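**Student:** Sharing a sequence plus its predicted fold:
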Amino acid sequence: MGKSASWVCVVLLSGSSLVHAQGNATAGKEKSEVCAGCHGEDGNSNAPIFPKLAGQHASYLAKQLHEFKTQKRANPTMTAMAEPLSDADIDDISAFYAQQKITVEKAEAANALGETIYRTGNASSGVPACTGCHGPDGAGNPSAKFPALRGQYAAYLEKTLNDFKSGERANDKNSIMRAIAAKLSGGEIAAVSSYASGLR
């Protein structure tokens, strides 16, 4: 499986359903006020320990919220936040953040290792290119619920990959990200996280 060109390389997760309800972004703005403390009023969090939600695919955000709610994705704080939400609330909040513009971090110096892992993978260790699922510009794939990576904090991407590697995060479809992250070295994880963060 590790040789499949369609595999993901970097973070967050995957899904299979191509159908997703449309939320009301206007309603979602009001409903998302409780999220602003960690994720910012427009989804651009001020601290790299909290992911940016701005510009992320609504389908991906909704998947995460449902899985926090059902504890398929383990995080006590987010479970407490998601449990009271109805399906409509989740769709509305997801729609609001999807319409916001992400603030892209300043790209770091040239990162040959990160670029190589992202664009071509590592054939010797069976790591596929990240572009297969997250796209050449890090835009992701909303139909497959593969997240956008561009502009996300490098520290958050690195933590996510390490969580997949350790198994602490386990809500990826068919263990795709866990299988890939397990083959990445610590240096590769840091490098590809930094590279993906600077994509535009």
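**Tutor:** Nice, I can see it. Residues are numbered from 1 along each chain as shown.
**Student:** Check the secondary structure at the residue of the chain positioned farthest from its centre for me.
**Tutor:** For the chain, the largest distance from the centre (Cα atoms, centre = their mean) belongs to S124, which lies 25.9 Å off. Under DSSP: H, G, I helix; E, B strand; the rest coil, S124 falls in the coil class.
**Student:** From S166, how far off is it?
**Tutor:** 23 Å (Cβ to Cβ, to the nearest Å). In short, each C-beta sits where N, CA and C put it, glycine included.
**Student:** Is S193 located within a strand, as I assumed?
**Tutor:** No. Going by three-state DSSP, the assignment for S193 is helix, not a strand.
**Student:** From here on, call the first residue 28.
**Tutor:** Sounds good: first residue 28 from here, last item S220.
**Student:** wait, it sits on L188?
**Tutor:** Yes. At 6.4 Å, S220 and L188 qualify as touching, with contact defined as Cβ atoms under 8 Å.
**Student:** Centre of the chain to the one helix or strand M105 maps to, how far?
**Tutor:** Take DSSP states H and E as the rule and M105 turns out to sit in helix 103-109. The chain centroid and the centroid of helix 103-109 are separated by 18 Å under Cα atoms, centre = their mean, to the nearest Å.
**Student:** Let me know the next secondary structure element after it.
**Tutor:** Heading C-terminal from helix 103-109 (DSSP H and E), you reach helix 114-125.
**Student:** Pull that following helix out as PDB, backbone CA atoms only.
**Tutor:** As requested, C-alpha coordinates have been extracted for helix 114-125 and formatted as PDB (Å, rounded to 0.1, in the frame of the first residue of the first chain):
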ATOM      1  CA  ASP A 114     -25.500  18.400  12.500                       C
ATOM      2  CA  ALA A 115     -26.800  21.800  11.200                       C
ATOM      3  CA  ASP A 116     -24.500  23.600  13.700                       C
ATOM      4  CA  ILE A 117     -21.500  21.700  12.400                       C
ATOM      5  CA  ASP A 118     -22.400  22.400   8.800                       C
ATOM      6  CA  ASP A 119     -22.900  26.100   9.500                       C
ATOM      7  CA  ILE A 120     -19.700  26.500  11.400                       C
ATOM      8  CA  SER A 121     -17.700  24.600   8.800                       C
ATOM      9  CA  ALA A 122     -19.200  26.700   6.000                       C
ATOM     10  CA  PHE A 123     -18.300  29.900   7.800                       C
ATOM     11  CA  TYR A 124     -14.600  28.900   8.300                       C
ATOM     12  CA  ALA A 125     -14.400  27.600   4.700                       C
END
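**Student:** Please pull up the helix or strand immediately following that helix.
**Tutor:** Assigned by DSSP H and E, the successor of helix 114-125 is helix 139-147.
**Student:** Contacts made by that following helix with the rest, please.
**Tutor:** The contact list for helix 139-147 (Cβ atoms under 8 Å, 6 or more residues apart in numbering) reads 36-37, 149, 154, 156-158, 163, 211, 214-215, 218-223.
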